[in-house]
Structures are given as structure tokens and as C-alpha cells.
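Novice: Structure, please.
(2 chains)
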Amino acid sequence: MTATPEQLTIAAKSLWLDKKEFQSFLNVLREGGYQIIGPRIEQGAIVYGPVDRVEDFPLGWTDEQAPGLYRLKKRDDDALFGYAVGPHSWKRFLFPPQLDMMRSKKVGAGWDMEPVPVETVKYAFLGVRACELSAIEVQDRVFLNSTFPDEYYQQRRRDSLIIAVNCTMAAATCFCTSMDSGPRCRTGYDLALTELIDGYVVEVGSVQGATLIERLALPTVAAVQEERAEVARRQAVEQIQRVLDREHVQSTLKQRLNHVHWDDVAARCLSCANCTMVCPTCFCSSVEDVTMLVDQEVVRQRRWDSCFNFDFSHVSGGPVRDQTRSRYRQWLTHKLTTWVDQFGTSGCVGCGRCITWCPVGIDLTKESVILCSEAGLDKPQDSPL
Amino acid sequence: MNSPSSSTNRACHPWVAQVAVVTEVRQEIESVATYRLRLRDAEIARQYRFQPGQFNMLYVPGCGESAISHSGPSENDGHDLWHTVRFVGRVTDSIAKLNVGDHLGVRGPFGTAWPLEACKQRDVVVMSGGLGLAPLRPMLYALMAKRSEFGRVVLLHGARTPETILYPEELSQWQAQGIEVELTVDRADGEWAGNVGVVPLLLDRLPDLRPAQTEVVTCGPEIMMHFSAISALKRGIPETSIWLSMERNMQCAAGLCGHCQWGPLFVCKDGPVFRYDRIRTLLKVRDL
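Specialist: Next up, the predicted model:
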């Protein structure tokens, strides 16, 4: 997906998509054989699902977010992308919450075992934020740069079109500027939009993106619109208040495994796994047997799992991490430090979902400051990873 | 690590089990049996290779999978795979119900191997506790197969009681093939005339040890391996000559499911065999 120099020449000229033309844009995607996945309102939240018509979008809605709080609010315009991020991320389409991996069929007294074939589908992801582009890059490293690349992820990722949307506002939980992952979309997209009140500035990031958008014969963007887009994007940067000292936390947190503050977090944490479910990079899964009631058939089904679940670390002697303290510590140290050892990048992209969707509003940007402090260390020399 | 799984000959799709037929069930001690398996697909069986220390995922349809180390000779291909299993949970209890001719699924081999190359021309101290002898047996077979290529070989093995010593009838054969065997038990009975106490004590007082020329390989409960390593260090054996095999929850065995994480490591693919200096700090952290 990363643009080559040749593709960047295409990208040099931004285009203008008038608001009235947005439905035509959706039609072009559909005609290109893509199933469009974009933002829509379900159960009081902006989530990602199939979208075909402009009316499917969260027209004129925004989201208010804070630790443990998410509310939809009316905007005073009819923006389609006037929100930050909701509980969904694109991982649910590239790495679905449930997936059949293998099938066993009873044959006589024995078994036959075979893989479940990967069904091909072409998605157009519409409305991918900069932090989410980063999250996809993080999961690419997990699922593709592996001794055993994930075939399902590989197919979805290869055939999907990514239409990014630059943020023009930020939620109170956003901290992408700290994680160097936004809010400006830089690479990893086929097309990138910046929404203005009367239309979209369209940047082209790949040959596929260029080929598709060509069909609309859009005009080159006027300088004044470019400027308005820049002002709108700057607004998002200015709204971001939350900070995480990435490099300091990365190097210090692994020296703080016996900090007393882990107990303090554990006293509040419900170990509910919400943070891992909404996280766009968390990749843990379990594979369980689903027994069919007919045909003597058993399917091995992969499901999202979480390091917060009690049984997650189960060995013959019981769970290794049998306390909320050790499970929270595993999650946070993995996300912010050992992820770098494993995959060469932080596991956090600063989207703030784990802060918003934590039922008790635990905020990793605040906790990590205390955990990295000298105060509260059991001994000066704590156990390093 | 010394032998990543990527370097081994893989006949299997990583997610899909191969059907295997049970060819023999051998009761070992109470709640422990060794299964000999033959991969049903002859071509895949012919291509199957593993190294001592590696493991397979054994699968019983409808029950699930369990990571079980190879306990047989690594000269064998997929026509004769040995796995020593303790019946201790949902999956292994269902394995306990299998008879000769029954099917189960096999995925593998996975994980890192014992450092056979590093042991060449050197003395080898094999330290095992309980069922920890099973993953070390392929290593012992490999040492015996090319006995002249290695120096002194000592097995220090501990069990809870005399009747829970694994593979008792093989021990004398191993001695006959040039392996010194020292046994210890936690609780003796009236018949027992040998050592009583933990395995590291056997290393503490092992005579004629040549620390600079010795590799230590150990498998057993984590606490036992931890103290075995400390004992080895006290005897002057360098950290880089001590090797442990770790146990964690393993589900995918391919470093993708996250269950076996241990600090920055995935035990399934970075391990299970680790060199001590690379994991020393991790061993000290409780609940990691």
C-alpha cells in the first residue's frame, strides 16, 4: 500500500470532490467491485459497517469522549466525518472476531481434517483515520512479517482499498501527536480526503486510488480550498491536549515491574477486557472447537481473546497471571514497551479508545506517568525486562 | 535462539492438523502414558523432521489442542512420533481415552531445540524434574547415537517418589551406553536407598565437574530449573552454557495468538528452549 515514487507523482495534484458528488464517489467504489465499509450509527455509537448511500453515514453527528464516557452529539453542520473514532476499528474486517480455521469430519471410526478455504472479498475502507493507518501498519507487522503469515489477513489486506479521512477535530482522549501517528494521514492510503463544508480535498496515494478517482474526472483543487483544508486539519492538532512521553515510557516502564502503583490500578481495573477489544492493534486470539450438531463435524474457530481474561495464561499449574495487577501490567508493558522488542514499533497509536471505553475510565497516559516515576518503587533497582 | 522453527522441515500447514493414527500406547507411571503416532499421509510422514526439544500440538476433535514435546528419537520421521503425556486437563484427559488405531490431529513441529551443536566435544549435564525428562529424552537419544562426539554425559533426574520415576527400565540401558545417571526423590519409601532431596543438590555435589567444558540442559518445574541454573552458576558454569525449556500456555504455536508471551518473548517460537543469559531477568519476575 505504501506509495512508490511513481505513485507520489500522481499524488502531487490534489483534487476537489464536491459534496454533491459524494454519492457518485460511492458508486464508483461499488462499480470497482468493492464492498464499502464506512462509519454508521448503531446502538448510539459510530461504528464501521457496510455503507452504500450518503444517508448511511453519521450525517451531522459528532462524538464527545472522555475517560469512561462516549456520547453522540449533533453538530451544527452536516459533516459525514465530523467525529473522532468509535469503538470499532478496521481490525474487525482484516482480523475478524470469529473465523473458522479448520474442519474435522468424522469418517468411520476416524477423522478427516482440512483447512477452511479463505473466502475472497474486496473491501473499500472509507473513513480510515491517521492513527488507524498506523494501527493497520502495526498489525501488518504482526500478521504478515511472521514465520507463518496469516493467509486470511493477507488476502483482505492485499485486496482492500484504503480511503483515509484526515481529522479536522480531535476527541479529548486523542493523543496521536504523542505517538507520531497523526492526525495527518501521510502514507498507507490509496486516497485521502479532507472534509470541508462544501466538499473534499482528495489526495491520491496509489495507482489503484488514481485509477478509481479518474472515473469521476474531478477538477484539480483550488489554492483557496487547499488552504481551507490545511486550516481544518490544523484545528485537529490544536485540539489535542493529551500527552504520552513515548520514548521515556518505552525505556522506563520495563524497569518498573514492581512499582506499587500497579496495585492502585488493579484496585480500579475490572479486568473486563474492553480496552483490548476496542484497541486497533491488540491481536490476541484463542482457537476453540465448535461442535456441529449435524454431520459429525467439528470446526476450529479462532476468536479474539484478551490478556485480561483469567484463563489466558493458563498452564497445568493454573494461570501464570492470576491477579488483575499482573494482567494489567502485561497489557500496558506489552503495548508500550515489549511490543517494540517484538515488532519494532509501539503497540499504541494514540487513538484513545482504551481510555474512552474503560468502564472505570482508567487512562494509560496518566497511569504511565505515575508508573514511570521513582516514587513508589519497592527498591531502587527494580526488576528489568 | 539456536534453532528457530523456521529452519525445520515443515510438512504441515501451520494451522491445520494432520491426521495421525495411534500405533502404541505405553503406560508409564500413574496418569502418564507414551503414545506412538503415525501420520496418516505417507508423504507428509516421510517429510516430517524434528529436533530434540521441539513440540507438536496434539488435537482431539471436539476437545481441543495441547502442546506436547517430542519424547522419541529425532531420527524418526512422521511414521513413528513419540509423545509422553500427563493426563492433567480437558485435552490430555481425552487423549487418555485413545486406543491403538484411534485418530488424533498433529500440528508441528514447533519451537527451538536443545543445543546439540553447542554440546559437541563438551560435557553435558542433563537435569530433569518429573515429566521434564520427556522433552529431554530425544536429547539423550541424540547424545547416545553419536556418543563419541560428546564428553562426559550425566543425567540428574528427580521425581516426587520412587514409583514416579519416568522411564525406569531405560535408565540402566542409558548407563550401559555411557551416561552417568543420578536419581533423587522428594519422598523416599522403605525400599529406596538413593538420594532424597531436590535436583540442584545433585549438581552441587557432582564430582569432577569441568565447568568451562560443560553445557547444562534442564527441564522441569520452573522453580526447579531456576535453582538448577543457580547451582550451575555456583559451580562456575557460565550463563551462556545453561539451557532451559519453558512452559507457557501455547495455542497457535506460531507467535500469533499471544498466549505464551513472557516479557518480550513468545515462548512458542522464541522458545521453549532458551539460553539462560537471555531470560535470567525474566525468571526473577513473579506473574510475568
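
Novice: pLDDT value on residue 176, please?
Specialist: I'll assume chain A. Predicted confidence (pLDDT) for A:C176: 98.

Novice: Chain B, not that one
Specialist: So B:A176 comes in at 97 (pLDDT).

Novice: All the helices of chain B, residue numbers only.
Specialist: B:42-47, B:90-95, B:116-119, B:133-145, B:168-176, B:199-204, B:222-234, B:267-270, B:276-283 (DSSP state H).

Novice: what's the fourth one in contact with?
Specialist: Which is helix B:133-145. B:50-53, B:55, B:69-75, B:84, B:114, B:116, B:119, B:124, B:126, B:128, B:150, B:153, B:155, B:157, B:166-167, B:174, B:177-179, B:217, B:219, B:245, B:272 (Cβ atoms under 8 Å, 6 or more residues apart in numbering or on different chains). Yep, even glycine has a C-beta here, placed from its N, CA and C like the rest.

Novice: Just the buried residues of the residues you listed.
Specialist: B:50-53, B:55, B:69-74, B:84, B:114, B:116, B:119, B:124, B:126, B:128, B:150, B:153, B:155, B:157, B:166-167, B:174, B:179, B:217, B:219, B:245, B:272 (16 or more other Cβ atoms under 10 Å in any protein chain shown).

Novice: Which of the residues you listed fall in strands?
Specialist: B:55, B:69, B:84, B:124, B:126, B:128, B:153, B:155, B:157, B:179, B:217, B:219, B:245 (DSSP state E).

Novice: bridging residues for the third one?
Specialist: Read that as B:T84. B:T34 (DSSP bridges).

Novice: Centroid-nearest residue for chain B?
Specialist: B:P135 (1.4 Å; Cα atoms, centre = their mean).

Novice: Show me chain B divided up by domain.
Specialist: Using automatic domain parsing, the domain ranges for chain B come out as B:5-110, B:116-245.

Novice: And the ones you listed, which one averages the lowest pLDDT?
Specialist: Mean pLDDT is lowest for domain B:5-110 among these, at a mean of 92.

Novice: what's the closest non-adjacent residue to A:L332?
Specialist: Leaving aside its sequence neighbours, A:L332 sits nearest to A:L364 (Cβ to Cβ, 6 or more residues apart in numbering or on different chains; 6.3 Å).

Novice: sorry, back to before: just send the domains of chain B back as TSV, with distance to A:L216 too.
Specialist: Compiled in TSV, these are given as follows (distance: least, Cβ to Cβ, whole Å):
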stretch	distance to A:L216
domain B:5-110	42
domain B:116-245	60
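
Novice: Distance check, the residue located most distally from the centre of chain B against chain A.
Specialist: Going by Cα atoms, centre = their mean, the residue of chain B most distant from its centre is B:G190, 30.4 Å out. Per Cβ to the nearest Cβ, to the nearest Å, B:G190 is found 30 Å from chain A.

Novice: B:D93 too?
Specialist: For B:D93, the distance to chain A - Cβ to the nearest Cβ - is 12 Å.

Novice: Please apply the same query to B:A113.
Specialist: Counting by Cβ to the nearest Cβ, the gap from B:A113 to chain A is 15 Å.

Novice: Give me the pLDDT value at that residue.
Specialist: In this prediction B:A113 is given a pLDDT of 98.

Novice: I figured it hits B:V273, correct?
Specialist: Yes - between B:A113 and B:V273 there is a contact at 6.1 Å, judged by Cβ atoms under 8 Å.

Novice: give me phi/psi at A:P58?
Specialist: phi -80, psi 60 (degrees, to the nearest 10).

Novice: can you list the weak-confidence ranges in chain A?
Specialist: A:1-12, A:378-385 (pLDDT under 70).

Novice: Which is the succeeding secondary structure element to the longest helix along it?
Specialist: Using DSSP H, we find that the single longest helix of chain A is helix A:223-239. Counting by DSSP states H and E, the element after helix A:223-239 in chain order, helix or strand, is helix A:246-252.

Novice: buried residues in that following helix?
Specialist: A:246, A:249-250, A:252.

Novice: Neighbours of B:P14, how many?
Specialist: 20 (other Cβ atoms under 10 Å in any protein chain shown).

Novice: Distance of the residue nearest to A:L332 relative to chain B?
Specialist: Distance from A:L364 to chain B, by Cβ to the nearest Cβ: 18 Å.

Novice: ends of stretch B:104-122, how far apart?
Specialist: 39 Å (Cα to Cα, to the nearest Å).

Novice: quick check, distance from that stretch to the centre of its chain.
Specialist: 9 Å (Cα atoms, centre = their mean, to the nearest Å).

Novice: in that stretch, what counts as buried?
Specialist: Buried residues in stretch B:104-122, counting neighbours by 16+ other Cβ under 10 Å, are found at B:104-116, B:119, B:122.

Novice: near chain A, which residues of the stretch 151-288 of chain B?
Specialist: B:221, B:247-249, B:251-252, B:254-259, B:261, B:263-264, B:266, B:269, B:281-282, B:284-288 (Cβ under 8 Å from any Cβ of the partner chain).
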